[in-house]
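*Asks:* need coordinates for the following:
(one chain, ligands or ions: 1)
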Amino acid sequence: MFCGIVAGDVPSVKVAEDATTFAFMDINPASDGHLLVVPKRHSKDLFEIPADDLAAVTLTAQRVAKAAAREFGADGVNLLNCCGADAWQSVFHFHLHVIPRYTDKSKDGLTLPWAPVPGDVDTITELGGRLEKALN
Ligand SMILES: [Zn+2]
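*Replies:* Okay, the predicted model is just below:
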């Protein structure tokens, strides 16, 4: 679907485009100015995207986030990537959400069910240690 948007076969409200990335407005916005940045070259998700495309998408996201903050007077921005259906990915072409955030909740409908509570220190330490080993 996002390949179709990049190709121009599927209509979108384009915000920015360069040699490797394409940014367009999300049609199901969580807040005023919510948009998506995708690599033009198809990658399914975070695990698959080549490093150069990931870097380019991230830099474009920063550029449009700054513009959204200036232009819309956003008070903050969330970048969100979902990798895998269990992580809420629904379109399997890598995309980074750029979600301007506002103190004024009439412009900002984003809420998450996650309410941080302190975790079990032993479990955190064990998982961190396993990950550190796996990275070496
Ligand atoms: Zn695609």
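
*Asks:* longest helix of the protein?
*Replies:* Determined from DSSP state H, the single longest helix within the chain is helix 51-72.

*Asks:* could you list every helix and strand that that one packs against?
*Replies:* strand 14-17, strand 21-25, strand 35-39, strand 76-80, strand 96-101 (3 or more Cβ pairs under 8 Å, 6 or more residues apart in numbering; DSSP states H and E). The way it works is simple: take the backbone N, C-alpha and C, and place the C-beta from them, glycine included.

*Asks:* which strands or helices does the longest one pack on?
*Replies:* Strand 96-101 sits against strand 35-39, helix 51-72, strand 76-80, with contacts defined as 3+ Cβ pairs under 8 Å, 6+ apart.

*Asks:* any chance of these in TSV with distance to residue 13 and mean pLDDT as columns?
*Replies:* Output for these, formatted as TSV (distance: least, Cβ to Cβ, whole Å; pLDDT from 0 to 100):
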stretch	distance to residue 13	mean pLDDT
strand 35-39	8	98
helix 51-72	13	97
strand 76-80	19	97
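
*Asks:* just say which of these is most tucked in.
*Replies:* strand 35-39 (a mean of 25; mean count of other Cβ atoms under 10 Å).

*Asks:* partner strands of that one, with direction?
*Replies:* strand 21-25 (antiparallel), strand 96-101 (antiparallel) (DSSP bridges).

*Asks:* quick check: buried residues in the next helix or strand after the last one?
*Replies:* Using DSSP states H and E, the next helix or strand after strand 96-101 towards the C-terminus is helix 121-134. Burial within helix 121-134, assessed by neighbour count using 16 or more other Cβ atoms under 10 Å, is assigned to no residue.
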